[in-house]
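K.L.:
A predicted structure for the sequence below; I have some questions about it.
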Amino acid sequence: MEENITRLDVDGKEIILIGAAHVSKASAIQVKEVIEAEQPDSVCIELDAQRYLSIQQGDKWKNMDIFKVIKEKKATMLLMNLAISSFQNRMAKQFDVTPGAEQIQGMNSAKEVGAELVLADRDIQVTFSRIWSNLGFWGKSQLLAGVIFGIFEKDSITEEEMEKMKQQDTLQAILAEFTESFPKLKTPLIDERDQYLAQKIKTAPGNKVVAVLGAAHVPGITKEIYRDHDLEKLAEKPPKSIVPTIIGWALPAIVIALIVATFFINPEAGTSQALSWVLWTGSMAAIGAAVAFGHPLAILSAFVAAPITALHPILASGWVSGLVQAFMRKPTVADFEKLSEDVFTVKGFWRNKVTRVLLVVVLTNIFGSIGTLIGGADVIRLFLKNIGL
């Protein structure tokens, strides 16, 4: 039983850390045995409130309104969550394991022995926000594309990848390769979470606490638990930078000003500028919708909307094409019921009408952003050429 167990004495409180493997049946059994034998006052699990509710509510997502998701600008986050779920579900199916089973066992065993359950992990939205704030434009594009496409580049998971999962949580495993290119991401992804977990564990009620953790967190928590950490500070979402807002408004203003100025100097050249802007922004957005296998009208709407929405930082062509896709190919109850199975494979992910809508939104926006940059650069090039520079 003592294998993977770390016992600590912190200010007279007995703390027992179980270094579990997130994809191991044996870990769930060990969690049950340890909690029953120790009879702790509190059981800490490596979940935040959002993930805990997701487990408790089961398939409540079947009732979601896809139109509401698009209008509330949650399509990207939902698609990423489904992508991560796909990774977990394929492991469960291929290796006959349940990712996170040790956390569920911790919840059940805490109830059985009458221990207080403590959700010890930081809100995953805060972690994502702090990761996001550490990236520039291209870094964000790489992360989004890497998470979504990297997870689905093959339908099976190798034994080597499985072994890595035994030492990492799902988010760490998915972003492991990305953090090698962006070392600063280690701080919000691992170090800060170790600090947050350590503080929650040592302040858990009672004199005996059992904490169910991914094995990768145990060394960091063992070090950080003897220090005091400000949970409010660690749980703060980073302030939004004013730079993207400035750029978001400045680029459209520059594009419009240059096209108008060129029209006054040379109407023919101004027409070429406007045409270049329409073709680059519209075509790239349409390509994004097409890559998602969107409905022909969704692809057309992406082309028509992009030149206009690109001039307004609050609007996005993906929302337009996504709404059109959802209207033309409205997901049925059957699509929501099959979603948990369809996300197992790339084909299923593209086939299901729910995920197809999300892909249309996200890919239209990604390709549309690229088109905006290229189109804007071409407008500047034509202006400079027209004035003889």
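P.N.:
Nice, thanks for sending it over. What you see is a predicted model, and the numbers here were worked out from it, not measured in a lab.

K.L.:
switch to C-alpha atoms for all contacts and neighbour counts from now on
P.N.:
Will do.

K.L.:
what about the helices in the stretch 201-350 of the chain?
P.N.:
Using DSSP state H, counting those that start in this stretch, the helices of the stretch 201-350 of the chain run over 218-224, 231-234, 242-265, 267-291, 296-309, 317-328, 333-342, 346-351.

K.L.:
weakest of these in terms of mean pLDDT?
P.N.:
Lowest mean pLDDT within the helices of the stretch 201-350 of the chain: helix 333-342, at a mean of 70.

K.L.:
next, format the helices of the stretch 201-350 of the chain as CSV and append distance to residue 371 and mean neighbour count.
P.N.:
As requested, the helices of the stretch 201-350 of the chain are exported to CSV (distance: least, Cα to Cα, whole Å; neighbours: other Cα atoms under 10 Å):
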stretch, distance to residue 371, mean neighbour count
helix 218-224, 43, 17
helix 231-234, 37, 13
helix 242-265, 13, 15
helix 267-291, 4, 22
helix 296-309, 9, 24
helix 317-328, 11, 26
helix 333-342, 31, 16
helix 346-351, 23, 18
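
K.L.:
and those as TSV, adding distance to residue 195?
P.N.:
Shown next, in TSV, are the helices of the stretch 201-350 of the chain (distance: least, Cα to Cα, whole Å):
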stretch	distance to residue 195
helix 218-224	6
helix 231-234	8
helix 242-265	29
helix 267-291	40
helix 296-309	42
helix 317-328	38
helix 333-342	34
helix 346-351	36
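
K.L.:
among those helices, which is nearest residue 112?
P.N.:
helix 218-224 (25.1 Å; Cα to Cα).

K.L.:
outside of that closest one, which residues touch it?
P.N.:
Defining contact as Cα atoms under 8 Å, 6 or more residues apart in numbering, one finds that helix 218-224 is touched by 17, 19, 191, 194-195, 197-198.

K.L.:
stretch 226-242 now?
P.N.:
The contact list for stretch 226-242, computed with Cα under 8 Å, 6+ apart, reads 10, 122-123, 126, 129-130, 133, 192, 195-196, 199.

K.L.:
try stretch 368-385
P.N.:
Here stretch 368-385 makes contact (Cα under 8 Å, 6+ apart) with 251, 255, 258-259, 262, 269, 273-274, 276-286, 288, 306, 310, 317.

K.L.:
give me the distance between residue 116 and residue 204.
P.N.:
9 Å (Cα to Cα, to the nearest Å).

K.L.:
overlap in contacts of these two?
P.N.:
residue 42.

K.L.:
more neighbours, those two?
P.N.:
Comparing residue 116 with residue 204 by other Cα atoms under 10 Å, the one with more neighbours is residue 204, at 23 against 18.

K.L.:
spatially nearest residue to that one, not counting backbone neighbours?
P.N.:
residue 42 (6.5 Å; Cα to Cα, 6 or more residues apart in numbering).

K.L.:
shouldn't the one you found be in contact with residue 116?
P.N.:
Yes - using Cα atoms under 8 Å, residue 42 is in contact with residue 116, at 4.5 Å.

K.L.:
quick check: neighbours shared by the two?
P.N.:
110, 205.

K.L.:
so how far is residue 322 from residue 285?
P.N.:
Taking Cα to Cα, one finds residue 285 at 12 Å from residue 322.

K.L.:
lowest average confidence, helix or strand, in the chain?
P.N.:
Scoring the helices and strands of the chain by mean pLDDT, DSSP states H and E places helix 159-165 at the bottom, with a mean of 54.

K.L.:
can you confirm residue 43 is in a strand?
P.N.:
Yes - under DSSP: H, G, I helix; E, B strand; the rest coil, residue 43 sits within a strand.

K.L.:
residue contacts, it?
P.N.:
The contact partners of residue 43, taken as Cα under 8 Å, 6+ apart, are 106-107, 110, 115-118, 209-212.
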